[in-house]
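Enquirer: Sequence plus the predicted model coming up.
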Amino acid sequence: MTITDTRVIAHWLDGKPFAGTSENTAPVTNPATGQITGRLALANLEDARAVIDAAAAAFPAWRDTSLARRTQILFSFRELLNARKGELAEIITAEHGKVLSDALGEIGRGQEVVEFACGIPHLLKGGYTENASTKVDVYSIRQPLGPVGIISPFNFPAMVPMWFFPVAIAAGNTVILKPSEKDPTAAIWLAELWAEAGLPPGVFNVLQGDKLAVDELLENKAVKAISFVGSTPIAQYVYATGTANGKRVQALGGAKNHAIVLPDADLDLAADAMVNAGFGSAGERCMAISALVAVGDIADELVAKIVERTTPLVTGDGTKNSDMGPLVTKTHRDKVASYVDAGEKDGATIVVDGRTVQADGGPDGFWLGPTLIDHVTTDMSIYTDEIFGPVLSVVRVDTYDQALELINNNPYGNGTAIFTNDGGAARRFQNEVEVGMIGINVPIPVPMAYYSFGGWKNSLFGDTHAHGTEGVHFFTRGKAVTSRWLDPSHGGINLGFPENS
């Protein structure tokens, strides 16, 4: 690798870039070329505390800012993002590698949460009971928590932070976003957009860094809540450490998403869906389908249809006419390829081999093409582990009950799907499956922003999902007020017509 751009990607504090005092940096690469495009400032303890302190200092004034003013700023942010989302998409493609259309789709799904948060006044309304007791009224209100931390993964550098910060900011909290070290520039771009929208300094801050920055967010008493998305081992650590330090934590972990295809399904629809859900964004999605469970005698025909659709796909530079881009780093690319090696060694059939892809991009890019593996068994690492790459495994079973048992025995419970034309089978599946998000003839069942996103089992630590009404409740806390006032009828002037009572 060679350095082509020595720019330093800094933190964001009080509405402007903050270089910090640390001299430690990490390289940021373009996955399609393998070249280093910048250096990321890694926070030391002093830097991390400075960013957190800025969020804490800005909180009282933002908390007391009217709901009308907060929503005006949110609407302004929405309009700016709609007008300039192409810029953000190019940044995502350059640092993550996903194709431009996929990057734009990511921004669009994040924008849904911004639009949901624009309606925050209605969602923050409390209740009121008059005369709960004689001349005593009771009512409820919801108030913000304070500074909150968001720890975001590399695979969605815009959408995942946008699951959280629009709701947090609209509710009156201040935010410290800790993006992934692999693609951090999107966070700074979003911070600049917030400033342009009129958000006061200190309300939205960006802390660049590694484990040191994460630990300070988890341990610093000024930070009241943590939203995290990432792998299950780190999610467990974030949840345990954050809660031990008195914080609210929602930690979304890993996944191993299955799709069941029943014999009565439309196999063309199912094949299209498996290609889209298995290979989109190079499989670097927590909602990607990585295990196709073919029920009955349809497997051969279904696999053939998937091969037919996979063979023409173009892997290449995301700025060109490519269907799929590179993986995010060379290390990750090699790890995914090692699972394919292991599956082959364990006796699975490599039907489409992405290890030999001829990519339309730089020779040093982190390339691995779509990979389809058949005759996978549940004891193979290609099945048991979350691979997070463009690898679709086919598991063959005889019955629906066997397919359901596979999913319910899995330690993850993030997303799943069933393909069938039988409404009874679909209804039974949605009732019996132990997974948080379910698709019926829909391969990637990410709910709309006014619902909440989150899985079960080892896919979620904490009891609150992202965005929707659960997100509003996560970023606020309730108060119940009981009040009694003297009745003014005890005396004073009253020119009204006298009545007997």
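Expert: Nice, I can see it. Keep in mind that what you see is a predicted model, and the values were worked out from it rather than measured.

Enquirer: Could you double-check that Ser152 lies in contact with Glu181?
Expert: No: counting by Cβ atoms under 8 Å, Ser152 does not reach Glu181; the two are 10.8 Å apart. Using the backbone N, CA and C atoms, a C-beta is placed for each residue, glycine as well.

Enquirer: quick one: which of those two has more around it?
Expert: Remark: of Ser152 and Glu181, Ser152 carries more neighbours, 27 against 18, as counted by other Cβ atoms under 10 Å.

Enquirer: what residues are up against that one?
Expert: Going by Cβ atoms under 8 Å, 6 or more residues apart in numbering, Ser152 touches Val160, Pro161, Leu177, Lys178, Pro179, Ser180, Ala187, Val229.

Enquirer: what are the bridge partners for the closest residue to the last one other than its chain neighbours, then?
Expert: Think Val229. Excluding the flanking residues, the one nearest Val229 by Cβ to Cβ, 6 or more residues apart in numbering is Leu252, at 4.5 Å. Leu252 has the following beta-bridge partners by DSSP bridges: Val229, Leu460.

Enquirer: I'd like the distance between Leu252 and Pro153.
Expert: Counting by Cβ to Cβ, to the nearest Å, the gap from Leu252 to Pro153 is 9 Å.

Enquirer: Please say which of these two ends up with more neighbours.
Expert: Between Leu252 and Pro153, counting by other Cβ under 10 Å, Leu252 is the more crowded of the two (27 against 22).

Enquirer: so how far is Pro121 from that one?
Expert: Counting by Cβ to Cβ - Leu252 and Pro121 are separated by 27 Å.

Enquirer: low pLDDT regions in this protein?
Expert: 1-6, 488-492, 494, 497-501 (pLDDT under 70).

Enquirer: any idea how it splits into domains?
Expert: As assigned by automatic domain parsing, the chain contains the domains 8-253+459-482, 257-440.

Enquirer: Would you point out the most distant pair within the contacts of Ser152?
Expert: Spanning the widest gap among these are Ala187 and Val229, at 13.8 Å by Cβ to Cβ.

Enquirer: And the residue positioned nearest the centre of the chain, how close does it get to Ser76?
Expert: What sits nearest the mean C-alpha location of the chain, by Cα atoms, centre = their mean, is Val160, with 3.3 Å. Using Cβ to Cβ, Val160 is found at 22 Å from Ser76.

Enquirer: my guess is the residue nearest to the centre of the chain meets Pro153, correct?
Expert: Yes: here Val160 reaches Pro153: they are 6.2 Å apart, a contact under Cβ under 8 Å.

Enquirer: if I look at those two, which residues touch both of them?
Expert: Counting by Cβ under 8 Å, 6+ apart, the shared contacts of Val160 and Pro153 are Val229.

Enquirer: Verify the stated contact: His375 with Thr349.
Expert: Yes: with contact defined as Cβ under 8 Å, His375 counts as touching Thr349 (4.9 Å).

Enquirer: Quick one: the strands in the stretch 301-450 of the chain, in order.
Expert: 349-352, 371-374, 391-397, 412-413, 415-419, 437-440 (DSSP state E, counting those that start in this stretch).

Enquirer: Tell me the strands beside the longest one, with direction?
Expert: Right, strand 391-397. According to DSSP bridges, strand 391-397 has these partners: strand 289-295 (parallel), strand 371-374 (parallel).

Enquirer: what distance separates the longest one from the centre of its chain?
Expert: The reference is to strand 289-295. For strand 289-295, the separation from the chain centroid amounts to 23 Å (computed by Cα atoms, centre = their mean, to the nearest Å).

Enquirer: Stretch 430-437 now?
Expert: Per Cα atoms, centre = their mean, the centroid offset for stretch 430-437 relative to its chain is 20 Å.

Enquirer: again with stretch 398-408
Expert: Between the centre of stretch 398-408 and the centre of its chain there are 28 Å (Cα atoms, centre = their mean).

Enquirer: Compare His375 and Thr349 and say which one has the larger neighbour count.
Expert: Higher neighbour count among His375 and Thr349: His375, with 16 against 13, using other Cβ under 10 Å.

Enquirer: could you list every residue that touches that one?
Expert: So His375 contacts Gly347, Ala348, Thr349, Val394, Arg396 (Cβ under 8 Å, 6+ apart).

Enquirer: separation between the closest residue to Ala10 other than its chain neighbours and Thr33?
Expert: Take Ala10 and drop its neighbours on the chain: the residue closest to it by Cβ to Cβ, 6+ apart is Pro17, 4.5 Å away. Applying Cβ to Cβ, the value for Pro17 to Thr33 is 26 Å.

Enquirer: same deal with Gly108?
Expert: Gly108 is 27 Å from Thr33, by Cβ to Cβ.

Enquirer: neighbour-wise, which of those two wins?
Expert: Shown here are Gly108 and Thr33; by other Cβ under 10 Å, Thr33 has more neighbours (20 against 15).
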